[in-house]
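**Q** coords below, sequence missing:
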């Protein structure tokens with residue numbers, strides 16, 4: 001019983017002592033900025049909208065010190081932002097090229 005209690009306390013401490021997902025938040029914000037710079041908007045890209053919603057959730061979790069949830073939401077935001085960037089770049093590539101008169 002004492003061993004179980006020690007293990008439980010150790011696991012609880014590790015879960016509670018997790019560090020803030022600073023790198024994941026930064027990566028997600030940079031990916032969102034890149035997608036925006038490539039022309040992604042909420043109106044043209046569901047992935048861009050999902051990325052912004054996910055980073056907002058991540059920031060909320062971060063303020064609540066729910067670091068695991070913040071990390072997962074930041075990773076989700078980065079994933080959606082990368083998809084939005086790829087779609088924005090594909091739209092620019094597929095756009096007809098106009099010749100000057």
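**A** That came through fine. Computed from a prediction, not measured in an experiment: that's the story for all the values here. Numbers count the residues shown, from 1 in each chain.
**Q** any idea what sits nearest residue 52, other than its immediate chain neighbours?
**A** Leaving aside its chain neighbours, residue 52 sits nearest to residue 32 (6.7 Å; criterion: Cβ to Cβ, 6 or more residues apart in numbering). The way it works is simple: take the backbone N, C-alpha and C, and place the C-beta from them, glycine included.
**Q** quick one: which helix or strand includes that neighbour?
**A** helix 22-37 (DSSP states H and E).
**Q** likewise residue 75?
**A** Per DSSP H and E: helix 67-94 holds residue 75.
**Q** residue ranges in the chain under the pLDDT threshold?
**A** 1-17, 94-101 (pLDDT under 70).
**Q** where's the residue nearest the centre of the chain relative to residue 92, distance?
**A** Nearest to the mean C-alpha position of the chain, by Cα atoms, centre = their mean, lies residue 77 at 2.2 Å. Distance, residue 77 to residue 92, by Cβ to Cβ, to the nearest Å: 22 Å.
**Q** excluding its backbone neighbours, what's nearest residue 45?
**A** residue 84 (4.5 Å).
**Q** any idea how far the one you found lies from residue 20?
**A** Residue 84 is 25 Å from residue 20, where distance means Cβ to Cβ.
**Q** neighbour count winner among the two?
**A** residue 84 (29 against 12; other Cβ atoms under 10 Å).
**Q** which residues touch that one?
**A** Applying Cβ atoms under 8 Å, 6 or more residues apart in numbering to residue 84 gives the contacts 35, 40, 45, 47, 48, 51.
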